[in-house]
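Trainee: the sequence and its predicted three-dimensional model are supplied below.
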Amino acid sequence: AMDTDLSSQDRKDLDKFIKFFALKTVQVIVQARLGEKICTRSSSSPTGSDWFNLAIKDIPEVTHEAKKALAGQLPAVGRSMCVEISLKTSEGDSMELEIWCLEMNEKCDKEIKVSYTVYNRLSLLLKSLLAITRVTPAYRLSRKQGHEYVILYRIYFGEVQLSGLGEGFQTVRVGTVGTPVGTITLSCAYRINLAFMSTRQFERTPPIMGIIIDHFVDRPYPSSSPMHPCNYRAVEDNGAVYPSVEDSQEVCTTSFSTSPPSQCVFTVTKAHFQTPPPVVTDTLKVPVMGLAFSHQLSSSRLSYQPAALGVGSADMGYPVLFAGGLNAAHPHQLIGPGKEGGVPPVPSQPAHGTQADQERMCTPLDGVHYSAATPSSSEDTETVSNSSEGKCGSPHDLSETIFIRKVGAFVNKPINQVTMANLDIPFAMFAPKNVELEDNDPMVNPPESPETESPLQGSLHSEGSSGSSTGNTHDDFVMIDFKPAFSKDDILPMDLGTFYREFQNPPQLSSLSIDIGAQSMAEDLDSLPEKLAVHEKNVKEFDAFVETLQ
Amino acid sequence: SCPLSTRCCALSSAAPAMNCRAEVLEVSVEGRQVEEAMLAVLHTILLHRSTGKFHYKKEGTYSIGTVGTQDVDCDFIDFAYVRVSSEELDRALRKAVGEFKDALRGSGSDGMGQISLEFYQKKKSRWPFSDECILWELWTIKVNVVNLANEQERQICREKVGEKLCEKIINIVEVMNRHEYLPKMPTQSEVDNVFDTSLKDVQPYLYKISYQITDSLGTSVTTTMRRLIKDTLAL
């Protein structure tokens, strides 16, 4: 009999696919905001555990949170699964950056084959998600997290709340997959209004305490689910170690058939494990280094005081003023002037203890200090990357000075000594006299410096970079009435390498900025008549070509 | 700085029965950005057009291996992308892109060229006819190499090209999401007509990469494009 309704087996399969698709979606999003490069291996023999034929690791805590949010339900009309990504500064202010929405609408595709087409399309959609998570502005922000801010995630289920994204947020569609029970859509709404107040204004006016900048608003909805940092290191080994996903025991052994649909074979076997084999629960390895380590980690987190971190709804810290302009395209200019300088005091209790189920604040270990470009010490510093293929994961050295809150990667100075506002800029003498502070910005550094603060570049040079050059080239010469830009001086006693690293990516010199765009546009327009003439000359050839295609 | 334009269009194919879709992407980059920009686009396309290795079992069923992925950071562009974890595939793409870059640098080029990534199926024909290659998806990436005068322009270009590549990735994903024609999953005897089974860890659809360099008159584009389409369509 022709039964156009979904068979019960198909329905069960479809529900399972949607459920695991939702879990994998969350993993991809959160892992993409860890601040680290992700790397997983291809495997030609199916292990039977890789859903959608993609090697996507399962961070247990993330799966736990996702399941908690879903509470046994599946995305349906009006019930969407949302992953909210936000930024939280060391001052305690937070801002929503993105909302990833997994939604279901009523448009059904009754004809589609569940166990084959839907499954493969969900796999394709996950690939698209992998690609898209790297192109929204929050990606670059998250790669630079650790010093002045961290990236947090929150999963909720229900109605999509986009109001926290500010005005003019943009949406990007990752994709859709039609199923017999509805169409799954995956999209991301992201904030573009990332404008912070710049140093310049900060310098000219006294700090404005008590005035709320518009996006640092109290959450209109008391968060029903707490925020979590994207990267969580379960430091206590006796603490909240999440059970491996109980349905990880449901191994996804997929078998596809090229025979006609009636013979389609799709098996999902329940494998019973006493202890999950490593291949099934590819958990995030926890760097277990004993109590001393956990204590170190707590102190490093003191930049982000537990007290300052709200539970759920963001506490209203003071408005955060950042040195340098920040917009979506230039997140690397985000530097926070600290309210306190120097080494943060060691806390009396480990920071993480107070936050067991609440705001777990863990910046990636290597996010806290990008200083050491040394190779990763051992597998207990393993990050989500788990492959020997290529250079995966950021290099970091746990024994480096974690205690000091850093502005630049290699600077051991208290933060209030090195904010740009306090600097005597080397080229100050060349700037116009009635200068705005922004005209005193240091010059642009050449981009290929290997010793760079940016983890984007740092991760590529995992073997470490050559030592910094010294700036003492002028010591042997008598300098008369001249202040060379890079020599050691008493104002900024640092060597050339440190100087470069310090002043990487500064704002542009306005005295040098000319309207490049207008110039080349003019050039393009000028050359147009010539190009048109050439094409007109060749019109016979083009026509002949078109003829040959008919 | 960088005059950048984008055009992404779907052309109807030369022979309508073939369901061939064609997409065009354009980028303007600095010379040293060519390789990374091309790799970013090609890898993103191939990420979507590669599966795990097929393992055929009895009764026409097959299982699929696992595709791993990894992040790649660009050195000369403020950009990062995801690629399939397959050194063989990466090598193949780097080789093609390297040749393209060298050709772009060569004499007779005013810095304009294009790389084509075609996905095709093989259709076995009976003797005396040779096998046909049926193109089912064609990606053309047009490249315009700009020369920049100073460091400041280069810095702007790093960021701008990064932003443009983000748009390209979104464009590519849009096309992939249309779920239009894909070759039918093949039986074991047909798998080599649909997929490239030569790699040990992943299985992309059969693809071919070619490139053309335009001279300032644009004539070489015409001749090589004609040759490209004719050859691959085996008309």
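Mentor: Cool, the structure landed.
Trainee: now do the lengthiest helix in chain B, average pLDDT.
Mentor: Identified as the longest helix of chain B according to DSSP state H is helix B:151-177. Averaged across helix B:151-177, the pLDDT comes to 95.
Trainee: may I see the buried residues of the following helix or strand past that helix?
Mentor: Later in the chain than helix B:151-177, the nearest helix or strand by DSSP states H and E is helix B:191-194. Buried residues in helix B:191-194, counted by 16 or more other CB atoms under 10 Å in any protein chain shown: B:191, B:193, B:194. C-betas here are computed from N, CA, C, even on glycine.
Trainee: which residues are contacting helix B:191-194?
Mentor: B:54, B:56, B:121-124, B:183-186, B:197, B:205-206 (CB atoms under 8 Å, 6 or more residues apart in numbering or on different chains).
Trainee: go with 6 Å
Mentor: Residues outside helix B:191-194 that contact it (CB atoms under 6 Å, 6 or more residues apart in numbering or on different chains): B:121, B:122, B:183, B:186.
Trainee: so residue A:188 touches residue A:100, yeah?
Mentor: Yes. Contact criterion CB atoms under 6 Å: residue A:188 and residue A:100 qualify, at 4.9 Å.
Trainee: so which of the two has more stuff around it?
Mentor: Using other CB atoms under 10 Å in any protein chain shown, the more surrounded residue of residue A:188 and residue A:100 is residue A:100, with 30 against 23.
Trainee: got the contact list for residue A:30?
Mentor: Shown in contact with residue A:30 (CB under 6 Å, 6+ apart): A:62, A:153, A:230.
Trainee: now the angle from the longest strand along chain B to helix B:151-177?
Mentor: What stands out as the longest strand in chain B, according to DSSP state E, is strand B:132-146. Between the axis of strand B:132-146 and that of helix B:151-177 there is an angle of 160 degrees, by axes from the mean of the first three to the mean of the last three CA atoms, to 10 degrees.
Trainee: how far does strand B:132-146 sit from the chain's center?
Mentor: Averaging C-alpha positions (CA atoms, centre = their mean, to the nearest Å) puts strand B:132-146 6 Å from its chain's average.
Trainee: does chain A sit close to that strand?
Mentor: No. Judged by CB under 6 Å from any CB of the partner chain, strand B:132-146 makes no contact with chain A; its nearest approach is 8.1 Å.
Trainee: quick check: residue B:77 touching residue B:38?
Mentor: No. Assessed by CB under 6 Å, residue B:77 is found out of contact with residue B:38, at 11.2 Å.
Trainee: coming back round to it: so which of the contacts of residue A:30 are in strands?
Mentor: Per DSSP E, those map to strands at residue A:153.
Trainee: helices and strands of the chain: which one bottoms out on pLDDT?
Mentor: You didn't pick a chain, so chain A it is. helix A:199-204 (a mean of 29; mean pLDDT, DSSP states H and E).
Trainee: ok so, going back, buried members of the contacts of helix B:191-194 into PyMOL, please.
Mentor: In PyMOL, this line selects whichever of those come out buried by 16+ other CB under 10 Å:
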select buried, chain B and resi 121+183+186
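Trainee: chain A: which of the contacts of helix B:191-194 is nearest?
Mentor: residue B:186 (6.8 Å; CB to the nearest CB).
Trainee: quick one: contacts for that closest one?
Mentor: Taking CB under 6 Å, 6+ apart as the criterion, residue B:186 is in contact with residue B:194.
Trainee: what's the pLDDT at it?
Mentor: Looking at residue B:186, its pLDDT reads 91.
Trainee: phi, psi of it?
Mentor: For residue B:186, the backbone dihedrals (degrees, to the nearest 10) come out as phi -80, psi 160.
Trainee: by neighbours, which of the contacts of residue A:30 wins?
Mentor: residue A:230 (27 neighbours).
Trainee: ok, that residue to residue A:158 distance?
Mentor: Using CB to CB, to the nearest Å, residue A:230 is found at 22 Å from residue A:158.
Trainee: can you check residue A:152 too?
Mentor: 19 Å.
Trainee: low pLDDT regions in chain B?
Mentor: B:1-19, B:107-109, B:216-235 (pLDDT under 70).
Trainee: if we go to 50?
Mentor: Applying pLDDT under 50 to chain B picks out residues B:1-17, B:222-223, B:235.
Trainee: in it, which spans are helices?
Mentor: Going by DSSP H, chain B shows helices at B:34-48, B:87-105, B:151-177, B:191-194, B:219-233.
Trainee: in JSON lines: those, plus distance to residue A:138.
Mentor: Compiled in JSON lines, these are given as follows (distance: least, CB to CB, whole Å):
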{"stretch": "helix B:34-48", "distance to residue A:138": "19"}
{"stretch": "helix B:87-105", "distance to residue A:138": "27"}
{"stretch": "helix B:151-177", "distance to residue A:138": "12"}
{"stretch": "helix B:191-194", "distance to residue A:138": "38"}
{"stretch": "helix B:219-233", "distance to residue A:138": "39"}
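Trainee: let me know which of these is tucked in deepest.
Mentor: helix B:34-48 (a mean of 24; mean count of other CB atoms under 10 Å in any protein chain shown).
Trainee: tell me what angle that helix forms with helix B:87-105.
Mentor: Using the same axes, to 10 degrees: helix B:34-48 against helix B:87-105 is 140 degrees.
Trainee: does helix B:34-48 come close to chain A?
Mentor: Yes. Counting by CB under 6 Å from any CB, chain A is contacted by helix B:34-48 at B:44, B:47, B:48.
Trainee: from residue A:132, how far off is the residue nearest to residue B:165 when sequence neighbours are not counted?
Mentor: The shortest distance from residue B:165 to any non-neighbouring residue, by CB to CB, 6 or more residues apart in numbering or on different chains, is to residue B:79 (4.9 Å). To residue A:132, residue B:79 is 14 Å away according to CB to CB.
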